[in-house]
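Visitor: I need the structure of the sequence given here:
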Amino acid sequence: MVRYLAIVLAIVVLACKSEAPDEAPSSKPAPAAVDETTMCKEHGVLESVCTKCNPALIAVFKAKGDWCEQHGFPESFCPICHPERGGRPQNAQTGKPAAAPGKPIADGTKVRFKNEDIGKLAGIKTQKIEARLDAGGLLANAKIAYDATRHARVNARAAGVVRELKVDLGARVKKGDVLAVLDSAQVGAERSLLAGVASRIDTAKKNYDRLMALEKDGITTRKDVLEAKRELDEATAERAALSSSLTVSGAQSGGGVAYSLKAPFDGTVTRRNATIGENVDSEEVLFEVVDLSRVWADIDVPESDLVRVSTGRRVFVQVDVLPSRQFEGKIEYIAAEIDPKTRTATARVALDNAGEVLKANMFAQARILLGDEKPRVVVPSAAIQRASNGSLVFVKKSETEYEARRVKLGPLEDGFAEVLDASIAVGDEIATEGSFLLKTETLKDSIGAGCCADD
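Guide: Modelled structure (predicted):
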């Protein structure tokens, strides 16, 4: 007779290794793990298999024919049809409840699906094990700031009136995009001067050419020729200066008094201090444009630790509001002076800001690596299951098979626990969401008594 499957359709649990002895309790705090004994108070069934709270499980139970249409629960432990079963999965052959949650689980116990869709229906998700270089090093407070080399304050080039605003706050711009158009009497005056200078150049050029011809005939002197050349050069230089001034101010082509303010590089408009019709002068900052793809982390290094810190050191930065993410960079600059109030010096790290999640003025903590660190293999808390013989994770062997591994873990830090033995390695893929369902399938009376019989 086929063994009854409590949670997932057609799972065969194989305990192919003898039951391992219980581990001595660790003196370190135990990592957080899912409480497999919790009952759903509202619906009276085991919380992990409550189909009212977890509708995704309905398809799994319907697929295996274990479904009470009248009450909307799996037939095998429907609290209305079978109140004597206490809302827990049962062993179909004997009618006894599944093994107690505290029963030891053999290392290497396998859970297999008959097809790849079962894991998807049960909502099982996986994650690859990673190593973190965050052990040891120097911890220090930090603050996120704009990269000053990618932060521009765009001021009015000449006093005038704002005619048009081309961008709004938060707009993404490309280098050369027009931010605003202004009308300026100064630009108009320079255009008039430029037109006058052009006329002077034309006259001076004709006079110079005439005197050069007369000199060849011996009618005029060399002094007159040189004077004409000086007048031509002065007019030409004045035209170049006026043209450069109009170009720098962003004067539009053609005539008129208008000029444009343009974005100096690709970025985001973070400030706009202008309104249409407003009078502005050349000292007013109308826009701020920032390239947010890279930011700085300014680290406060205590005076007593400066001797251990140098440029080029690797740094891991973690902001308070994003505890699950780390950002890596290297120290590019260390201030030459100590803050007299805090007795710290600033060490600066440039950080890539993919997704622009790092914001200026965010508080952060930096870990400066000093050369005495080693990688740590860590697992997320969602993957950790507790049993009487220690902690378990389920390693994905294929799309249809998972293997239980007993692991020795350190305390939980920021949602991760360090693996202290060689039970799993970097690159192994482990179950996170839904790992409790896999554990539930291993808690049968015959677990630990050799290989399970399929019938």
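Visitor: helices or strands next to the helix or strand where residue 316 lies in the packing?
Guide: Taking DSSP states H and E as the criterion, residue 316 maps to strand 314-319. In this structure, strand 314-319 makes packing contacts with strand 294-302, strand 327-334, strand 344-352, strand 363-368, judged by 3 or more C-beta pairs under 8 Å, 6 or more residues apart in numbering; DSSP states H and E. All C-beta atoms are positioned from the backbone trio N, CA, C, and that covers glycine.
Visitor: and of these, who's closest to residue 286?
Guide: Across the helices and strands packed on strand 314-319, residue 286 has its closest neighbour in strand 294-302 (23.5 Å, C-beta to C-beta).
Visitor: buried stuff in the closest one?
Guide: 294-301 (16 or more other C-beta atoms under 10 Å).
Visitor: now do stretch 160-168
Guide: 160, 162-163, 165, 167.
Visitor: now do the contacts for residue 361.
Guide: The contact partners of residue 361, taken as C-beta atoms under 8 Å, 6 or more residues apart in numbering, are 143-145.
Visitor: could I get the phi/psi values of it?
Guide: Main-chain dihedrals, residue 361, degrees, to the nearest 10: phi 80, psi 10.
Visitor: for it, give its distance to residue 146.
Guide: Computed as C-beta to C-beta, to the nearest Å, the residue 361 to residue 146 distance reads 9 Å.
Visitor: equivalent analysis for residue 416, please.
Guide: Relative to residue 146, and taking C-beta to C-beta, residue 416 is found at 31 Å.
Visitor: repeat that for residue 319.
Guide: From residue 319 to residue 146 the distance is 15 Å (C-beta to C-beta).
Visitor: isn't residue 53 up against residue 45?
Guide: No. In this structure residue 53 lies outside contact range of residue 45 using C-beta atoms under 8 Å: 9.1 Å.
Visitor: any stretches of this structure with poor pLDDT?
Guide: Scanning the chain for pLDDT under 70 picks out the ranges 1-37, 63-64, 90-104, 133-136, 185, 187-197, 242-256, 372-374, 388-389, 441-455.
Visitor: and it, split by domain according to the record?
Guide: 12-133+376-442, 138-150+291-368, 185-256 (automatic domain parsing).
Visitor: quick one: closest of those to residue 266.
Guide: Closest of these to residue 266 is domain 138-150+291-368, at 6.3 Å (criterion: C-beta to C-beta).
Visitor: and the end-to-end length of the closest one?
Guide: In domain 138-150+291-368, first residue to last residue: 5 Å (C-alpha to C-alpha, to the nearest Å).
Visitor: what are the ranges of the helices in this structure?
Guide: 58-63, 117-121, 185-216, 222-249, 435-442 (DSSP state H).
Visitor: okay if I get the ones you listed as a markdown table plus distance to residue 71?
Guide: Output for the helices of the chain, formatted as a markdown table (distance: least, C-beta to C-beta, whole Å):
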| stretch | distance to residue 71 |
| --- | --- |
| helix 58-63 | 12 |
| helix 117-121 | 21 |
| helix 185-216 | 81 |
| helix 222-249 | 79 |
| helix 435-442 | 21 |
